[in-house]
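Peer 1: Show me how the following folds:
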Amino acid sequence: MGTRNNTSIGGLILVGLGILFLLDTLDIAHFGEIVSTWWPLILILVGFNILMRQKQEKREKIGDIVENVFSDSTHDVNSNSINYSNVFGDLDVKVTSPEFRGGFISTTFGDSHIDLSGATLVDGESLLRMDGVFGDVHVLAPKNCGIMVTAKTVFGDVSVMGSRKSGFAQEIVQKSPDYDSATKKLKIYMNQVFGDVKVW
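Peer 2: Residues are numbered from 1 along each chain as shown. As a prediction, this is how the structure comes out:
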């Protein structure tokens, strides 16, 4: 899969260069001016390509096995809510609260792995909001409660309780079959810019 992605990106680069040379030959735009004007965007795209290749290699090593997603350095949290703002580095959290009420998580550079399978929700509806810029987000949902997930990503894949979408600016809204009748409910809102989002 990683080789196929690299081949596609290499093909896009060749097409882009061909268009630039064609515009220069037709005297519509000058290659040197385009490069001097758009070099910051070129650097961003090259950097993004490197980051995505690293993420792809990491995903291929991890696979879809739940036990491998959550590392041995996971932090146990027993508080009733979680509130994290992480700029650099991965965030691994395992919530074991007997009265979980949701919370807020913000990450800028790094993956977020949130294990809620050991948490017990309070009665009523709780909210967990997760916003991120660069990195993948994995959430293992709590058991014995109704779950409703709204997951969005601009560049990446979205996978929520068996439903999956790939491509640009994807969104999945899904709730468990027992959500409406459940006495304990959790709404999860996830917004990611670069990276995959997965809830199961």
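
Peer 1: CA only for contacts and neighbour counts going forward, please
Peer 2: Fine.

Peer 1: Provide a list of residues in contact with M190.
Peer 2: Shown in contact with M190 (CA atoms under 8 Å, 6 or more residues apart in numbering): R129, M130, D131, V149, T150, A151, K152, V197.

Peer 1: Report the residue spans of this structure with pLDDT below the cut-off.
Peer 2: In the prediction, the chain carries residues with pLDDT under 70 at positions 1-14, 17, 29-43, 45-76.

Peer 1: Turn the contacts of M190 into TSV, columns for secondary structure and neighbour count.
Peer 2: Output for these, formatted as TSV (DSSP: H, G, I helix; E, B strand; the rest coil; neighbours: other CA atoms under 10 Å):
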residue	secondary structure	neighbour count
R129	strand	17
M130	strand	20
D131	strand	18
V149	strand	20
T150	strand	16
A151	strand	22
K152	strand	23
V197	strand	25
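
Peer 1: With distance to D115 as new columns, can those residues be given to me in a markdown table?
Peer 2: What follows is the contacts of M190, written out as a markdown table (distance: CA to CA, whole Å):
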| residue | distance to D115 |
| --- | --- |
| R129 | 14 |
| M130 | 13 |
| D131 | 16 |
| V149 | 15 |
| T150 | 17 |
| A151 | 17 |
| K152 | 19 |
| V197 | 14 |
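
Peer 1: quick one: which of those residues is nearest S181?
Peer 2: Using CA to CA, V149 comes nearest to S181 of the contacts of M190, at 16.2 Å.

Peer 1: for P142, what are its contacts?
Peer 2: By CA under 8 Å, 6+ apart, the contact list for P142 reads D115, L116, S117, G118, A119, T120.

Peer 1: In strands only, show me those residues.
Peer 2: D115 (DSSP state E).

Peer 1: Would you point out the most distant pair within the contacts of P142?
Peer 2: Greatest spatial distance in these: D115 and T120, 12.1 Å, computed using CA to CA.

Peer 1: Which of these two has more residues huddled nearby?
Peer 2: Taking other CA atoms under 10 Å, D115 and T120 do not tie; D115 has more neighbours (24 against 20).

Peer 1: Neighbours of D27, how many?
Peer 2: Per other CA under 10 Å, the neighbour tally for D27 reads 10.

Peer 1: gap between it and G18?
Peer 2: Note on D27: its distance to G18, by CA to CA, to the nearest Å, is 14 Å.

Peer 1: How is this structure divided into domains?
Peer 2: 2-62, 71-199 (automatic domain parsing).

Peer 1: Pick the most deeply packed of those.
Peer 2: Greatest average neighbour count among those goes to domain 71-199 (a mean of 18), per mean count of other CA atoms under 10 Å.

Peer 1: now do the same end-to-end measure for stretch 129-139.
Peer 2: Terminal residues of stretch 129-139 lie 12 Å apart, using CA to CA.
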